[in-house]
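dropping a prediction and its sequence here:
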Amino acid sequence: MSRFLFYLIIINMLTNMVSITPRILIAGSAKGTILSMIVALILGIWLTYILVILFRSFPGQDLPEILHAYAPKWMATPVLLFLSVAWYVAGLFTIIIYTFIILRFLTPEMSIYVIVLTFAIVVTYGVFMATKNILYMSEIIFVLVVPFIIFIQIKGYISPELNWDYVRIALMEFNHLPDYGALTSSLFIVVGTANLVIFNRVFLNLKKLTGKGTALLAFICTYVLATTYFLPIGFGGFDSLENVLYPWIMTSDSIRMKFGIIERVVFLFIGAFLALGVVSIIIHWHVSIQLLSSVIQFKRFKWRKFNLTNPLIMVIFWVVAMVVTKSITAEGLFKAVEMYDDFVLPALLLLLVGSLLVAKKGAASKWRESKK
C-alpha cells in the first residue's frame, strides 16, 4: 500500500479529532459508542480494501475519466455532481470548525471575515496545485506535525491528571447496541481512501492491501478512534463534557509541559492541527473542484487562452463559505455535521462503490467486444 494513500487516510483521521466528531461520540457514550467504533473500524478497513481493489482496475484514472469511459452517460453526471458537493461540504465544515476554534481560543477580537480570507489565500493556492504536488505537500506537513501530535497524546496518557476510572466507566458501556450517529461519525474518520476519486490519477500501480498493511492500518485507526474518544473522557469525565463543543481542545489545555518553552500545550496543539486542517481543506476542495469541472466547463469563458471556469467555481466556493461561516451558529454546525454523517456519508459511499462496480462491468464488456 502506497505511503501517500496512508497520508490521505491518517490526515483525514487526525483532522477530525478536534472537530465535532468527539462530541458526537461522547454524546452517544451511553447508547453504544464503543460497539459503534468497533463496527466502524471493521467497515472502514473493509471499505478501504474494496476501494483499493476497485481503483486498481483503473490505473492512473480518476473517477470522472472512469465514469465517462465505462459508465452510462445518464449516470455519470448526477453521481459526479453529488460527490463534488459532498466533498465541498466536508471541506466547508473544516473551515467553519477551525474558524470557530481560532475565534474562541486564539483571536477572539479578530473579524471572522479576516480569518476566512486568510484561509482563502492559502487554500486557493493549494487547491490549484497539481494533484501529485498536493501529495508531496501532505507528506511534508505530515512529517513535521504528526510526531508532535503523537507526543502530546502520549503526554496525555502518562499525565497524573488523567483519571483512568472515567475511562473504565466508558468501557463498561460495552453492552449497548451500536448507535447510528456514533457509527457514521466514526466511519467518517476511517474513509480517507475515498479521496482516490481524484488522487487515483497519480497511482499508476496502486498496491493492494497486504496483511502487514492491513494490520498497520487497523492499529492506527484503532489508536486514533480510541484516543479521540477515551482521552477527553479521562481528563474531563462525562458531566463536564456534556456541553463542550470541542472536547479535545479542553483536553489539550489540561496537559502541561513543565520544562517546556511553552507550558500550555493547547496553543501548540491548535497550531499543529491548523496545519493539518489546511491540508484537509485543500484535499477536499481539490477533489470537489476537479469533479465539478469534469461536468461543468464553460469553453468560451477564457482570458488569454486560459479557461476561467475553475477560478469562477473557486470564487463561488469562497462566497458560500463566507456567508455560511458568518450566519451559522455552533449548535447549528453540530446538527449540520450530524446530518451529513448520518445521511450524506452513507449515500456517498454507496454511490462511489456502486458506480465503480458499474464502470468495472462496463470496462469488462468493452474488453470482450474488442476481442471479437
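Structure's in. What do you need? It should be emphasised that the depicted structure is a prediction, and the values quoted were computed from it without experimental measurement.

every contact and neighbour count from this point should use C-alpha atoms.
Fine.

lowest-pLDDT helix or strand in the protein?
Taking mean pLDDT, DSSP states H and E as the measure, strand 302-303 is the helix or strand of the chain with the lowest mean score, a mean of 80.

can you list the strands that that strand pairs with?
strand 306-307 (antiparallel) (DSSP bridges).

hmm, who's touching the strand it pairs with?
298-301 (C-alpha atoms under 8 Å, 6 or more residues apart in numbering).

would you mark the buried spots in stretch 204-223?
206, 208-209, 214, 217-218, 220-222 (16 or more other C-alpha atoms under 10 Å).

C-alpha coordinates for that stretch, CSV please?
Extracted in CSV, the C-alpha atoms of stretch 204-223 (Å, rounded to 0.1, in the frame of the first residue of the first chain):
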residue,chain,number,x,y,z
LEU,A,204,-0.2,4.2,-11.9
ASN,A,205,0.3,0.9,-10.0
LEU,A,206,-1.8,1.1,-6.8
LYS,A,207,-0.8,-1.7,-4.5
LYS,A,208,-3.5,-3.7,-2.8
LEU,A,209,-3.6,-4.0,1.0
THR,A,210,-1.2,-6.7,2.2
GLY,A,211,-1.6,-8.5,5.6
LYS,A,212,1.0,-6.2,7.2
GLY,A,213,-0.5,-3.1,5.6
THR,A,214,-4.0,-4.1,6.9
ALA,A,215,-2.7,-4.8,10.4
LEU,A,216,-0.8,-1.4,10.5
LEU,A,217,-3.9,0.4,9.2
ALA,A,218,-6.1,-1.3,11.7
PHE,A,219,-3.7,-0.5,14.5
ILE,A,220,-3.6,3.2,13.5
CYS,A,221,-7.4,3.5,13.1
THR,A,222,-7.9,1.8,16.5
TYR,A,223,-5.4,4.1,18.2
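
how distant is that stretch from the center of its chain?
18 Å (C-alpha atoms, centre = their mean, to the nearest Å).

make 59 the starting number, not 1.
Yep, numbering from 59; the last one is stretch 262-281 now.

any regions of the stretch 209-358 of the chain where pLDDT drops low?
In the predicted model of the stretch 209-358 of the chain, residues 316-321 satisfy pLDDT under 70.

for it, just list every one of the helices.
Assigned by DSSP state H, counting those that start in this stretch, the stretch 209-358 of the chain shows helices spanning 222-229, 238-247, 254-257, 269-294, 305-311, 323-351.

just send those helices back as CSV, with distance to residue 187 too.
Putting those into CSV (distance: least, C-alpha to C-alpha, whole Å) gives the following:
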stretch, distance to residue 187
helix 222-229, 43
helix 238-247, 25
helix 254-257, 13
helix 269-294, 28
helix 305-311, 31
helix 323-351, 8
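
of the ones you listed, which is nearest residue 388?
Closest of those to residue 388 is helix 305-311, at 13.8 Å (criterion: C-alpha to C-alpha).

report the buried residues of that closest one.
For helix 305-311, using 16+ other C-alpha under 10 Å, the buried residues are 305-310.

just give me the closest of those residues to residue 252.
Nearest member of those to residue 252, counting by C-alpha to C-alpha, is residue 306, at 25.5 Å.

so what's that closest one closest to, chain neighbours aside?
What sits nearest to residue 306 in space, not counting adjacent residues and going by C-alpha to C-alpha, 6 or more residues apart in numbering, is residue 76, at 5.5 Å.
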